[in-house]
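In: sequence isn't available, so here's the structure alone:
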């Protein structure tokens, strides 16, 4: 199966703005990507109408990505739930305006916030998450959107780390309006068998993000990429493979993603090598 390869603008910059997108989007199209992940870190960072016109001209398919910064949480303990719901509605409105069908991210608690939970506490956390997420899922389904919730590794969250946890916590809500976003970086850390985890999510995968096991270029690492693609075939995932990595030149994003050293000789090289590897691998199958 030949899937469209996309790339997140976090590879080069943060936060994304109209000005940086005007430069980046043509470069991304010129490199040969067919899709673009658009992080919306704060409402107003980029204009959805202007973005729609730009991406249509470049034939780039959009995916909107939410950022769960400090205070953003659907769990009362970790942040402001009404403000977070309002932020996610802003992301959904932006997605509709740019023609995206998916809004992806770890939409439960701020990235980097962790705490220990007893089984009883986890049961209560799951109940609160379902309760506060449900109206957003209903609104997304009605609008023809899918919220794609991403499990993160143990160092970035204690809420959802594995596919099994996500399926268990979100199960009653999964369907129109809600799916999973799987990221090979987190799968590599948390899953005993990433390919088995992907297959376990069959029919629930709304978006997939890829990068090397060190957050660098796809193919420069130890990940079993043929096995990943085989598992995605078995899971019947036909969507975009979105390259997500980060630049170490932006202090905020570098600290959030623990990028302490260059992951390639340049960010362009990281993107180009990943795209070439995935295209060659898909063509050879």
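Out: Perfect, thanks for sending it. Since this is a predicted model, take the numbers as computed values, not measurements.
In: going forward, measure contacts and count neighbours with C-alpha atoms only.
Out: Fine.
In: in stretch 193-210, what's buried?
Out: Across stretch 193-210, burial judged by 16 or more other C-alpha atoms under 10 Å covers 194-195, 197-202, 204-210.
In: that stretch: how far from the chain's middle?
Out: In terms of C-alpha atoms, centre = their mean, to the nearest Å, the centre of stretch 193-210 is found 13 Å from the chain centre.
In: pLDDT of that stretch, averaged?
Out: Average pLDDT, stretch 193-210: 98.
In: ends of that stretch, how far apart?
Out: Using C-alpha to C-alpha, to the nearest Å, one end of stretch 193-210 lies 16 Å from the other.
In: can you tell me what sits against it?
Out: For stretch 193-210, contacts defined as C-alpha atoms under 8 Å, 6 or more residues apart in numbering pick out 102, 104, 146-148, 163-164, 167, 174-175, 178-185, 187-188, 191, 218, 227-228, 231-232, 234-237, 239-244.
In: grab the nearest non-local neighbour of residue 92.
Out: Excluding the flanking residues, the one nearest residue 92 by C-alpha to C-alpha, 6 or more residues apart in numbering is residue 103, at 6.6 Å.
In: the one you found and residue 93 touch, don't they?
Out: No: assessed by C-alpha atoms under 8 Å, residue 103 is found out of contact with residue 93, at 10.0 Å.
In: settle it for me: which of those two has more neighbours?
Out: Set side by side, residue 103 and residue 93 show more neighbours around residue 103, with 33 against 18, by other C-alpha atoms under 10 Å.
In: next SSE after the strand or helix carrying the residue nearest to residue 92?
Out: Using DSSP states H and E, residue 103 maps to strand 102-105. Per DSSP H and E, the first helix or strand lying C-terminal to strand 102-105 is helix 119-143.
In: what helices and strands are in contact with that next one?
Out: Helices and strands touching helix 119-143, by 3 or more C-alpha pairs under 8 Å, 6 or more residues apart in numbering; DSSP states H and E, are helix 81-98, strand 146-149, helix 163-170, strand 178-183.
In: quick one, phi psi at residue 40?
Out: When read as degrees, to the nearest 10, the backbone of residue 40 gives phi -110, psi 90.
In: tell me the contacts of it?
Out: 15-16, 46, 64-67, 91.
In: please repeat the previous calculation with a cut-off of 7 Å.
Out: 65-67, 91 (C-alpha atoms under 7 Å, 6 or more residues apart in numbering).
In: turn those residues into TSV, including secondary structure and neighbour count.
Out: As requested, those are exported to TSV (DSSP: H, G, I helix; E, B strand; the rest coil; neighbours: other C-alpha atoms under 10 Å):
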residue	secondary structure	neighbour count
65	strand	22
66	strand	24
67	coil	19
91	helix	26
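In: the helices in the stretch 151-285 of the chain, which residues?
Out: 163-170, 184-190, 194-200, 225-234, 251-256, 267-284 (DSSP state H, counting those that start in this stretch).
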